Every structure is written in structure tokens, then in C-alpha cells.
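Colleague: What shape does this take:
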Amino acid sequence: MYFLTVEFYIFLLLLVCFYYIVPASHRWYVLLAGSICIYLRLSPKMCWLLFLTIIISYGAGILIFKKRNTAAKIIFVLAVVQAALPLLILKHLLGRNTPWLIPVGISFYTLQIISYLADIYHGKIEKLPGFFQYALYVLFFPQIVQGPIPRYEQLGKQLYQGHRFSEKDITKAIHLIIWGFFLKFMIADKSAVFVNEVFDHYRKYAGTFILLAGILYSVQLYTDFLACVCIAKGAAGLFGIHLADNFNHPYMAGTIKDFWRRWHITLSTWLRDYIYIPLGGNRKGRLRKYINLLLTFAVSGVWHGTGFRYLFWGLMHGCYQIAGEITYPAREFVFSRLKMPEKCMFRKIIQTTSTLFLVMLAWIIFRAESLSIGIEMIKSMFRVYNPWIIFNGALLQTGVDLQEWTALFLSVLLLIKVSICQQKMCIRDWILEQHLLFRWIIYIGVIITIFVFGTYGYGFYAQDFIYGGF
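Modeller: Numbers count the residues shown, from 1 in each chain. Reported below is the predicted structural model:
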């Protein structure tokens, strides 16, 4: 939520000014001081836990780096356990009753610290940072709340080298921030009104209501998380720092496996590199591969939250991938008999639509208050036939009036158009190539649209970023 406050952007502006004023070799100190201030602001009661974890993990990293033997393995295992225990205890054992105990961003910085220790253990980090440099790597404020989950090799050196002021980089960073606000206020929070109504009062709704709620929750979750990532990347870009991409148009995926190559990329690659491959990956036979897949997705489910529905959601995706691999020959045979080659547009539509439907079913489980409620909602979606609610005005009784539905629909169409264009070019570069007057017309038009038609324009309270709760 902090990304949506005026306070944050005043602080960010001051930090950017200080960053480019001080000598280049000392600019990373500005980032460290700013990151500490923001974390103290966001998690004042539990910040000591993160600072303690940073101290212990840094010391463990030095010992692992120096020993490179059996003792290093023992230290590595103990350090990983120490890093993971606060997450497991505070989030999964105590978090339900005392949410204030959970430090901001603990799910994300825990994985970040574990990857740092693992990369040292496997010899991927050739030179260790100084203590305060390591602290900046963990604390860097744009990504600490909701990611992306960076690797030290990707982010570390960027933080410590003083970047030169670049008007082009600054402008492109602002583009990202504005786009993030558009996604948040024009799509995610508008979708949330209908989604919350249906999921919070699921007994009142059935059939097409559940289907639409599942579709809109899929849209809400994607645009909400993408909005936060865009703002995070934009904030980092103001300092000349490039965070890793976290999405690659996941709802254009043709298979569940492809979906996970495109969705929450930094988490997916983390699970692959630090869970799936160490378990043996696909190197020990098909049965072991399937077991490893299920275990990896089970970890993903547990990471996302407490309750059986998260574990079930993760296992659903594991089963999806196993079923997809088993049925691949049969599906290819059917497509060949129907004379639908791989590049056939109709085949791509079938594959993408079926993938999205499976993902949506899993999202319903993910969003529901419990596993049993999620399953009941899915059953209701199939049992009740009432498509006329789209046309008879029933949707206008769910807290979303016609103007808001129209704004949401047009905004989603724009998102689809932008996503298609992004497959071919960088839109931010294209905007920068246009005449100055045309660029400012775009900027002012988007900003006015957000303020007039967005979440604030209709008097709603901006929803917290969803993944901030994970």
C-alpha cells in the first residue's frame, strides 16, 4: 500500500535528488539509508528480525565461502534453516492470530537470502560484498515488499556502482510508474469490487456469477501484481537500476508449463533452481520427475500462505503439468488429424483458452476463504446455468455500476492491445521517439483518466497490493 501514498513519492523524489548530488562512488549509501528508513516506516515493530537475519546470513556466507568443505555444507544447511524459520514460525504458526508479528516482505527477502547462501555454496559468487553492501542487496526498497526476487549476480553490482543521470532512463521509469497506477486503479481495484462481492457472499451467487468472478479475479491478481512490479521497476529505474522482469504475458500461454515460464518468473526460476533441480529434476526417471514436480509446487503453495487451499492450489498446478505431459502425444495426434499445425491460429486459441480456464479454476481455490468453499463454488459454476445475468442487469446489483463496468472493459481491452504490441516492440521506446507535444498529450491523458475514472475517481478505497499479503 505504501507505493500508493503521496508520502512515498515525496520521499522518492528527495532520495533521487540526493542520489545524483553525491559523488558516484558514494551513491549506494543513499540507497542504503533510504531503504532502511522505508523499512523502519513499514515494519517498525519487527524490523529487528530482518536486521538480525542479515547479520547472521552475512556471517554464514563468509564461513561458507572460506571453507568449501563438509563444514561449509553444515553451515549452509544451518544458515538456510535459520533464514527460513522466522517465515515458517511467524507466518504459518503465529501469523493467523497476530499478523502484526509478520515483518513486511518476509516471504520475499527469505528466498532472496537463501538464494544468496546457495549461490555462495555452489561457487556462483566469486567475490563477497561488504556487510553494508549485502544489507543494501537485501533491503533495497523497491523490491523488498513484493519482489521481484533478485539474484545477487543480477542486482548486486548494479546497486554499488554509481549510475549517471540519464533523462531517457528517468522518463522510461516514470512511464512504468504511470502504467502501474493505470493497472492498479483502472483494472485491479475495479475488478476487486465485483470479485469481493461474489467471494465474500458466495452463497448468494452461482453459475455465471462464479465464472465471471473467477475470470475477473484472474485479471485482478495479474494486474495488481504487475502494477506493483511496474512501480517497483520504475522506482529502481529512477536510480538507473534494472530489476528483473517478473511477467511475460502469462495469460497468452498455451500450456500450464508455459504459464509458469511467464508468471512470477523470479519465483518460478527460484523454485526450479533451489527446489526442483536439487531434488533431482528430471534426471532420475519419469516417476521421480513427477514426484519432484509435486513437491516443488507444494512448496510454492505453502510459500503463498497458510491453509490447505494454498497447498491444494500448488498441487493442482503440479497435477496440471503431469497431466499435460502424459496427454501430450494424444493431443498432438488429435491436432494432426484435425489438420491443425503448431502455428494454426485456431489451435493456439484452443490451447490458450483451455490453459486460462484451468488456471482460473485454480485461482478460485486460491481466492476462496477455504478449500471446501472453493470447491463448492466451482461445483456451483458447473451446476447452475444462468448466462442471462450478463444481459438482464443483475451484474449492476453487485456494487459495480454501468460506468464502472464500461471503464473496466475498455481498460482490459487496452491492456490486451498493449500486451500484443509488446510482443513486437518496446512501447516506452516508441513513445520517446514521438514529438514532445504528442508525448505530453499521452502523459496528461493517462493521468487524467486515472484520476477521473480510476479507483479514486469513484470514491473507492485503494485495495492493498494482493501479493503484499504473501
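
Colleague: Need the nearest residue in space to Phe259, chain neighbours excluded.
Modeller: In space, and not counting its chain neighbours, Phe259 is closest to Ala253: 3.9 Å by CB to CB, 6 or more residues apart in numbering. Glycine gets a C-beta too; all of them are placed from N, C-alpha and C.

Colleague: What is the burial count for the one you found?
Modeller: The local packing of Ala253 (other CB atoms under 10 Å) involves 20 other residues.

Colleague: Equivalent analysis for Leu42, please.
Modeller: Around Leu42 there are 18 residues (other CB under 10 Å).

Colleague: residues contacting it?
Modeller: Applying CB atoms under 8 Å, 6 or more residues apart in numbering to Leu42 gives the contacts Tyr2, Val104, Val145.

Colleague: OK, contacts around the residue nearest to the last one when sequence neighbours are not counted?
Modeller: Which is Val145. Nearest residue to Val145, sequence neighbours excluded (CB to CB, 6+ apart): Gly105, at 4.9 Å. Applying CB under 8 Å, 6+ apart to Gly105 gives the contacts Ser43, Ile144, Val145, Gln146.

Colleague: ditto for Met360
Modeller: Contacts of Met360 (CB under 8 Å, 6+ apart): Gly214, Ile215, Tyr217, Ser218.

Colleague: got the residues you listed as TSV, with secondary structure columns?
Modeller: What follows is these, written out as TSV (DSSP: H, G, I helix; E, B strand; the rest coil):
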residue	secondary structure
Gly214	helix
Ile215	helix
Tyr217	helix
Ser218	helix
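
Colleague: how near is the residue nearest to Val145 to Leu226?
Modeller: Taking CB to CB, to the nearest Å as the measure, Gly105 falls 18 Å from Leu226.

Colleague: Backbone dihedrals for the residue nearest to Phe259, please?
Modeller: phi -70, psi 150 (degrees, to the nearest 10).

Colleague: same thing with Ile125?
Modeller: Here Ile125 shows phi and psi, under degrees, to the nearest 10, equal to phi -110, psi 110.

Colleague: Give me the distance between the residue lying closest to it once chain neighbours are set aside and Arg261.
Modeller: Closest residue in space to Ile125, ignoring its immediate chain neighbours: Asp119 at 5.0 Å, by CB to CB, 6+ apart. Note on Asp119: its distance to Arg261, by CB to CB, is 22 Å.

Colleague: Show me which of the two is the more surrounded one.
Modeller: Between Asp119 and Arg261, counted using other CB under 10 Å, the more crowded position is Asp119 (17 against 14).

Colleague: how far away is Gly237 from Leu14?
Modeller: Remark: distance between Gly237 and Leu14 (CB to CB) = 17 Å.

Colleague: If you count surrounding residues, which of these two has more?
Modeller: Gly237 (23 against 11).

Colleague: and Val195, how many neighbours?
Modeller: Residues near Val195, counting by other CB under 10 Å, number 24.

Colleague: do Phe409 as well
Modeller: By the criterion of other CB under 10 Å, Phe409 has 11 neighbours.

Colleague: does it sit in a helix, a strand or a coil?
Modeller: Phe409 is classified as helix under three-state DSSP.

Colleague: List the contacts of it.
Modeller: Counting by CB under 8 Å, 6+ apart, Phe409 has no contacts.

Colleague: what pLDDT does it get?
Modeller: Looking at Phe409, its pLDDT reads 93.

Colleague: those helices in the stretch 151-300 of the chain, which residues are they?
Modeller: 152-160, 167-182, 189-200, 208-237, 256-262, 265-271, 286-304 (DSSP state H, counting those that start in this stretch).

Colleague: Which strands and helices lie in contact with the fourth one?
Modeller: Yep, that's helix 208-237 we're talking about. Packing contacts for helix 208-237, counted by 3 or more CB pairs under 8 Å, 6 or more residues apart in numbering; DSSP states H and E, involve helix 141-144, helix 167-182, helix 189-200, helix 345-367, helix 371-383.

Colleague: Pick the most buried one from those helices.
Modeller: Most buried of the helices and strands packed on helix 208-237, by mean neighbour count (mean count of other CB atoms under 10 Å): helix 141-144, with a mean of 26.

Colleague: elements contacting it?
Modeller: Using 3+ CB pairs under 8 Å, 6+ apart as the test, helix 141-144 ends up in contact with helix 27-42, helix 106-121, helix 208-237.

Colleague: how does it look with 7 Å?
Modeller: helix 27-42, helix 208-237 (3 or more CB pairs under 7 Å, 6 or more residues apart in numbering; DSSP states H and E).

Colleague: Next one: Leu50 from Leu87, what distance?
Modeller: Separation of Leu50 from Leu87 (CB to CB): 11 Å.

Colleague: which residues of this protein score low on pLDDT?
Modeller: Flagging of the chain using pLDDT under 70 yields the residue ranges 1, 94-101, 455-470.

Colleague: domains for it, by residue range?
Modeller: The chain is divided into the following domains under automatic domain parsing: 2-165, 169-292+332-464.

Colleague: what's the closest of those to Ala323?
Modeller: domain 169-292+332-464 (8.6 Å; CB to CB).

Colleague: Show me how far that closest one is from its chain's centre.
Modeller: Relative to its parent chain, domain 169-292+332-464 has a centroid offset of 11 Å by CA atoms, centre = their mean, to the nearest Å.

Colleague: Equivalent analysis for stretch 102-110, please.
Modeller: Centroid separation between stretch 102-110 and its chain, computed with CA atoms, centre = their mean, is 14 Å.

Colleague: Could you pull up the residues touching the residue nearest to Phe259?
Modeller: By CB atoms under 7 Å, 6 or more residues apart in numbering, the contact set of Ala253 is Phe259, Arg262, Thr352, Thr355.

Colleague: what do you get for Leu371?
Modeller: Phe308, Arg309, Phe312, Ile365.

Colleague: Buried ones only from these, please, as a ChimeraX command.
Modeller: Buried members of the contacts of Leu371, identified by 16 or more other CB atoms under 10 Å, are gathered into one ChimeraX selection as follows:
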select :309,312,365
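
Colleague: Helices - which of the contacts of Leu371 land there?
Modeller: Using DSSP state H, the members of the contacts of Leu371 that fall in helices are Phe308, Arg309, Phe312, Ile365.

Colleague: CA atoms only for stretch 411-426, dumped as PDB, please.
Modeller: Coordinates of each C-alpha in stretch 411-426 appear next as PDB, following Å, rounded to 0.1, in the frame of the first residue of the first chain:
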ATOM      1  CA  SER A 411      -9.200  -0.700 -19.700                       C
ATOM      2  CA  VAL A 412      -8.900  -4.500 -20.200                       C
ATOM      3  CA  LEU A 413      -9.100  -4.100 -23.900                       C
ATOM      4  CA  LEU A 414      -6.200  -1.500 -23.700                       C
ATOM      5  CA  LEU A 415      -4.200  -4.000 -21.600                       C
ATOM      6  CA  ILE A 416      -4.700  -6.700 -24.300                       C
ATOM      7  CA  LYS A 417      -3.700  -4.300 -27.000                       C
ATOM      8  CA  VAL A 418      -0.600  -3.200 -25.200                       C
ATOM      9  CA  SER A 419       0.300  -6.800 -24.400                       C
ATOM     10  CA  ILE A 420       0.100  -7.700 -28.100                       C
ATOM     11  CA  CYS A 421       2.200  -4.700 -29.100                       C
ATOM     12  CA  GLN A 422       4.800  -5.500 -26.500                       C
ATOM     13  CA  GLN A 423       5.400  -8.800 -28.300                       C
ATOM     14  CA  LYS A 424       6.700  -6.800 -31.200                       C
ATOM     15  CA  MET A 425       8.300  -3.600 -29.800                       C
ATOM     16  CA  CYS A 426       9.100  -1.700 -26.600                       C
END
